[in-house]
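Student: Got a predicted structure here, sequence first:
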Amino acid sequence: MINFQYLRASVVKIALSLVSKDPKATFIAGGTNLIDLMKRGVTAPEKLIDINKLPLAQIELKNNVLHIGAMVSNSALAEDSIVKEQFPLLALALQSGASAQLRNVATVGGNMMQRTRCGYFYDTTMPCNKRQPGTGCGAIGGYNRMHAIFGTSESCIAVHPSDMCVGLVALDAQVVIANAKGERKISFADFHRLPGSTPEKDNNLQKGELIVRLEIPTNNLYKNFHYLKVRDRSSYAFALVSVAAALEISQGIIKNARLAMGGVAHKPWRLVEAENFLKGKTANASNFEDAARIAMYGAKGFGENDFKLKLAPNSIIEALTVAKAKA
Amino acid sequence: MNFFVDENDRVDGIDKVTGKAKYFAEYQLPGLTYGVLVTSSITKGKITGIDTKAAKNAPGVLDVLSHLNKPVAPGYEQAGGSPMKIFYTDEIFFNGQPIALVVADSFERATYAASLVKVSYEKSAFNTDFVKSINNPSAKKLQGQPPYVRGTADAYKTAEVKIEQIYTMPIETHNPMELHGIIADWRTNDQVTVYAKTQGVKAAQATIANVFKIPQENIQVKSEFVGGGFGMALKTWPVEIATVMASKHLKRPVKLVITRDQMFTMVGNRPSAYQKVGLGATKDGKITGITHTAFGQTSVYENFTEGVVNMTKFMYDSDNVNTNYYVVPLDLSVPIWMRGPGEATGAFALESAIDEMAHALDMDPLEFRMKNDPEQDPQKKLPFSSKNIKEAYKLGSAKVGWSNRKNKPGSITEGAWQIGYGVSIGVFNASRGRATVKGILKADGTLVLQSATSDIGPGTGTGMVLIASKLMNIPVEKISFELGDSSLPPAPSQGGSTTLSTVGTAVNDVCVSLKSTIAELAANANMSTTANFVEVLKKNNLPMIEVTKQSQANQQGKEYSMYSFSIHFVQVKVHKLTGVVKVSKIVSVGDSGKIISPKTARSQMVGGAVGGIGMALTEEALLDNRYGKYVNNNFADYHVPVHADVPEIDVIFIDKPDYIVNPMGAKGMGEIALIGFAGAVANAVFNATGKRIRSLPITPDKVLEA
Ligand SMILES: Cc1cc2nc3c(=O)[nH]c(=O)nc-3n(C[C@H](O)[C@H](O)[C@H](O)COP(=O)(O)OP(=O)(O)OC[C@H]3O[C@@H](n4cnc5c(N)ncnc54)[C@H](O)[C@@H]3O)c2cc1C
Ligand code: SF4
């Protein structure tokens, strides 16, 4: 660990200018991920810009769009009454993440930006293309039980560890980003990236840009939903596989469907083809099974994570079954 | 204001929850300095150079110790290489080996400076792959225990019904909440005080005396409160010696607290195990042969063995039993006993095999166990000092609802969950050792008891106070028990479930002696022999009387077989689609003689069950054998059970005194609380699903793929 400077910004513009000008500066929100990475020597910023005082902690429903400030804590979001009523899938996903203590300080922006939990990434004596491009991937041929089965590349098979993001991608969220020029908006599904040949890049946020808020359009997916997280212990463990499922069912027929998975790819993994398959079909076991099968096209195991090829479709079926059963 | 205090509460409970209790790392000494370790990034080979220039020039740094400046440790000059002599050679035995200690005026500065130390190595080929080594005939294996044969070896092979299976277990780490470390304060005239995290203050004192060749009296080891040990603090580790070296060298007190990832490599672990059990029985369920062959891992620089196959020799009534136990030296740090040492490992294999046999015979596993329960110890051919297993089976099975269990696996479902029941037995030696206790009975109505024993959490002081309170008829709040200081009368280390029995006997003897002294004094003063001791002391003009007693190890071992037993019953739910296992009910029955301290005894059983859930379902230290390194050396990725994994735990005690073992009639129970638990879970998973998982921990992927 090296000495670093600590500055606190209370205006977005200042926060932006402090980070965009300085290649060694970075934002710090709850610090639950960044500080660990600094302690392990994975990252060594020389300037921390604390953004906790930025006025970005509101949750508001405006014109049928939910606005969530980037500094809203994970627990505040999960406990918000609008979220609980109209976006319960998101609340459930949030509650499945980390522990109560962590959720109290972890922020929406920080959660999106958290880095993979791949053990090789955290250990600076091991090879890892994400931490140090060109050194190789420790997980390929090594311990990869937690790793990806979709969208992998020869250079990296890490997963994005967030639960919240799986809920958000299923809900068609938009990300509002501020930069020196103003604001830009991208769809949540396009925020995170696949590793390709540049695994060091987790997402499409540019240096000096700040996530300011999320926007989620209201929907009819708040009745039949489920977030299933399969993990090695009942709480405080990252997902082996997780599934966000939401259905709009009318007289037994699926009018709208949303499906996304966590723990399977370098980004929250939206299952558009399986969703399309379900639309217009009867909400029954055999259609759920077919959807799960469709969802698995292109999946590939790396040895220790081969079990996900079975666990993932099973989890989709289970999540859809529970979602359907909710009255 | 003691409305929430009852006589069974921990005597130090309020101190612990209010923060008054002081743990080693909390001592603030004037001029305290801080040590941070530099560790090896290779797994085997030699250090060719250590560049400490930048580190030494960093702000606040006092010095950097390593084998290059070889701090003085006369004891290291003697022959023999075990245990590891820190900073003594350039040899690397395992990845993460401590190779230098940076001492600075603050922890942060020491941490920074440690990152500046540059080490160069000459690497050699290494092997950390346990399972591969077992299957490789040319890999070295050492006999861990002499082979044991009763009757005919391998008799199971010709039995009417036979089982032959392999059971495996990964490395588990103790990882108590409190990180390991020490504060060493070496002053002029070779007077040393250390604030340690140890299960044995006398053992720590002896180790330090041996390494530095100074008289034991010069060394005071203090360790009043310990934030969990589970066995890892039974040894004074090389990193502690390094800290003492640094204090001697710098003439300043030095504090070392290791990091969580160092907890995986510097303070031992429960070794991984590979066990083959052969079991033979007649068709009507009489065991005719047991063969148990076990392999454990050890290190190349220091050997470690434990009682993996012990229980197999006497638990079941079979004329033919043979066991063998080997250890495989690997380029890893040396293991150490972890709660329920050896036996917990062995019990998983034996008790799984017993369940497999019951299933093969289509018998209820409880009935099968009872049918083969020996009347006397078939290994020692001696009667048990006490054993109430049949009663324990009865009480526990009624409580868990065993009658709901179906012998055919996979019979009970509840929505997406399959439900099953499992049982397993645990056993641990109940003999006792030698200890000395001093008692000071004062005219102000108080009693002070002293002994250099430890309390790593079981409630040692509480148990001792309760023993004395009952014998002396003095209320608990008037009695104090002083421990955790090497200057107190000697007692053995806290391990192997012997403290209550061993130290408790000396407390008993002290109390008996104090009582008779009081009776004599009363007679001298023409008082009634039942007069209150305060009156007696006053009448005799005595401010206090003192008695010191040494109790000897018990000799009854020649006539009796002495063990504590536990039976664990669990109900599990297994998710059909995800393979997730949840323990939904636990009933642990302890058959460990008279229960002296009901509340802390229950806590012991609860803690054992939680540890058992970890062993059964979640705990596994993962090695990448390509690098010889752990890949989950932190609390996010090494999974100990969380609250949500633990259902309500029912604890039942048989609570029948065994006066053969000791005058209190109480047997130890720290180990039996855990031993056998994992087997009960594995058996329940089988009963729920028909899937036999022979490899711990039972994670969702294993259930799904079975
Ligand atoms: C032991 C443990 C277990 C966990 N388990 C889970 C789990 O099960 N599921 C789960 O989903 N998560 C889990 N987490 C992760 C946790 O959710 C994240 O650490 C947390 O959400 C990060 O938020 P933060 O505000 O603390 O981010 P910080 O650590 O402060 O920041 C993380 C990164 O985000 C950047 N950043 C923060 N805010 C912004 C912004 N507004 N714009 C641009 N960049 C920004 C920072 O510069 C930094 O690079 C776990 C974490 C730990 C330590
Ligand atoms: S999977 Fe990605 S993060 Fe993990 S070692 Fe490979 S490159 Fe690094």
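Tutor: Arrived safely. Ligands and ions are numbered 1, 2, ... in the order given.
Student: For the stretch 1-150 of chain A, what lies in contact range of chain B?
Tutor: Taking CB under 8 Å from any CB of the partner chain as the measure of proximity, the stretch 1-150 of chain A contacts chain B at A:1-2, A:41, A:117, A:119-120, A:122-123, A:125-126, A:138, A:141-143, A:145. Heads up, the C-betas are built off the backbone N, CA and C, glycines and all.
Student: Please identify, among those, the one with the most neighbours.
Tutor: Comparing the residues of the stretch 1-150 of chain A next to chain B by number of neighbours (other CB atoms under 10 Å in any protein chain shown), A:Tyr120 comes first, having 29 neighbours.
Student: Over to it: give its phi and psi.
Tutor: Per-residue torsions, A:Tyr120: phi -70, psi -30 (degrees, to the nearest 10).
Student: Nearest residue to it in space, please, no chain neighbours.
Tutor: Leaving aside its sequence neighbours, A:Tyr120 sits nearest to A:Gly138 (CB to CB, 6 or more residues apart in numbering or on different chains; 3.1 Å).
Student: thought that neighbour was touching A:Met126?
Tutor: Yes. With contact defined as CB atoms under 8 Å, A:Gly138 reaches A:Met126; the gap is 4.6 Å.
Student: joint contacts of those two?
Tutor: Counting by CB atoms under 8 Å, 6 or more residues apart in numbering or on different chains, the common neighbours of A:Gly138 and A:Met126 are A:119-120, B:624.
Student: where in chain A is pLDDT low?
Tutor: The model of chain A has pLDDT under 70 over residues A:1.
Student: Can you show me the strands along the stretch 551-700 of chain B?
Tutor: For the stretch 551-700 of chain B, applying DSSP state E, counting those that start in this stretch gives strands covering B:563-575, B:581-591, B:623-624, B:629-630, B:649-653.
Student: CSV for the ones you listed, including distance to chain A, mean neighbour count and mean pLDDT?
Tutor: Rendered in CSV, the data for the strands of the stretch 551-700 of chain B read as follows (distance: least, CB to the nearest CB, whole Å; neighbours: other CB atoms under 10 Å in any protein chain shown; pLDDT from 0 to 100):
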stretch, distance to chain A, mean neighbour count, mean pLDDT
strand B:563-575, 8, 28, 98
strand B:581-591, 7, 25, 98
strand B:623-624, 5, 22, 98
strand B:629-630, 7, 26, 97
strand B:649-653, 16, 20, 98
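Student: For ligand 1, what is the nearest residue in chain B?
Tutor: Closest residue of chain B to ligand 1, CB to the nearest ligand atom: B:Ala636 (3.6 Å).
Student: Excluding residues flanking it in the chain, which one is nearest that residue?
Tutor: Here the residue nearest B:Ala636, using CB to CB, 6+ apart, is A:Arg117, at 7.1 Å.
Student: So which bits of the stretch 201-327 of chain A are right by ligand 2?
Tutor: By CB under 6 Å from any ligand atom, no residue of the stretch 201-327 of chain A approaches ligand 2.
Student: quick one on the thing from earlier: among the residues of the stretch 1-150 of chain A next to chain B, which are in reach of ligand 1?
Tutor: Counting by CB under 6 Å from any ligand atom, no member of these is near ligand 1.
Student: which stretches of the stretch 401-550 of chain B form helices?
Tutor: In the stretch 401-550 of chain B, the helices defined using DSSP state H, counting those that start in this stretch lie at B:460-472, B:499-524, B:533-539.
Student: Switch the ones you listed over to TSV; also include mean pLDDT.
Tutor: Shown next, in TSV, are those (pLDDT from 0 to 100):
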stretch	mean pLDDT
helix B:460-472	95
helix B:499-524	96
helix B:533-539	96
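Student: and those helices as CSV, adding distance to ligand 2 and mean neighbour count?
Tutor: Shown next, in CSV, are those (distance: least, CB to the nearest ligand atom, whole Å; neighbours: other CB atoms under 10 Å in any protein chain shown):
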stretch, distance to ligand 2, mean neighbour count
helix B:460-472, 46, 23
helix B:499-524, 46, 22
helix B:533-539, 70, 19
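Student: possible to save those helices as TSV with distance to chain A?
Tutor: Compiled in TSV, the helices of the stretch 401-550 of chain B are given as follows (distance: least, CB to the nearest CB, whole Å):
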stretch	distance to chain A
helix B:460-472	31
helix B:499-524	31
helix B:533-539	51
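Student: re earlier: mind putting the shared contacts of A:Gly138 and A:Met126 in JSON lines, distance to A:Gln95 included?
Tutor: Below are the shared contacts of A:Gly138 and A:Met126 laid out as JSON lines (distance: CB to CB, whole Å):
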{"residue": "A:Gly119", "distance to A:Gln95": "26"}
{"residue": "A:Tyr120", "distance to A:Gln95": "29"}
{"residue": "B:Asp624", "distance to A:Gln95": "33"}
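Student: Where does the nearest residue to B:Ile693 once chain neighbours are set aside fall, secondary structure wise?
Tutor: Nearest residue to B:Ile693 in three dimensions, chain neighbours excluded: B:Lys702, at 5.3 Å (CB to CB, 6+ apart). Assigned by DSSP states H and E, B:Lys702 falls within helix B:700-705.
Student: So what's the gap between that helix and the chain middle?
Tutor: Averaging C-alpha positions (CA atoms, centre = their mean, to the nearest Å) puts helix B:700-705 30 Å from its chain's average.
Student: Tell me which other helices or strands it touches.
Tutor: Applying 3 or more CB pairs under 8 Å, 6 or more residues apart in numbering or on different chains; DSSP states H and E, one finds that helix B:700-705 contacts helix A:308-325.
Student: Just list the residues touching the residue nearest to B:Ile693, thanks.
Tutor: Residues in contact with B:Lys702, defined by CB under 8 Å, 6+ apart, are B:579, B:693, B:695.
Student: ok, now B:Met363?
Tutor: By CB under 8 Å, 6+ apart, B:Met363 lies in contact with B:285, B:371, B:407.
Student: any chance of those in JSON lines, with distance to B:Leu514 too?
Tutor: As requested, the contacts of B:Met363 are exported to JSON lines (distance: CB to CB, whole Å):
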{"residue": "B:Gly285", "distance to B:Leu514": "54"}
{"residue": "B:Lys371", "distance to B:Leu514": "49"}
{"residue": "B:Asn407", "distance to B:Leu514": "57"}
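Student: List only buried entries from these.
Tutor: B:285, B:371 (16 or more other CB atoms under 10 Å in any protein chain shown).
Student: The closest residue to B:Gln191 other than its chain neighbours: neighbouring residues, count only.
Tutor: Once flanking residues are discounted, B:Gln191 sits nearest to B:Asn218: 5.4 Å by CB to CB, 6+ apart. Look at B:Asn218: counted by other CB under 10 Å, it has 17 neighbours.
Student: go on, B:Val640?
Tutor: Look at B:Val640: counted by other CB under 10 Å, it has 18 neighbours.
Student: That one contacts B:Glu620, doesn't it?
Tutor: No. B:Val640 is beyond contact range of B:Glu620, at 10.9 Å (criterion: CB under 8 Å).
Student: Look at residue 66 and say how many residues are nearby.
Tutor: Since you didn't name a chain, this refers to chain A. A:Leu66: 22 surrounding residues under other CB under 10 Å.
Student: wrong chain, I was asking about chain B
Tutor: Residues contacting B:Ser66 under the criterion other CB under 10 Å number 22.
Student: now A:Val272
Tutor: Residues near A:Val272, counting by other CB under 10 Å: 13.
Student: same thing with B:Lys56?
Tutor: Other residues within reach of B:Lys56, judged by other CB under 10 Å, total 15.
Student: mind listing what it touches?
Tutor: B:63-64, B:113.
Student: now swap in A:Lys267 and tell me
Tutor: A:Lys267 is in contact with A:151, A:160, A:165, A:169, A:191-194, A:203, counting by CB under 8 Å, 6+ apart.
Student: which of the residues you listed tops the neighbour count?
Tutor: In the contacts of A:Lys267, the most neighbours by other CB under 10 Å go to A:Val169, 27 neighbours.
Student: No more questions from me, cheers.
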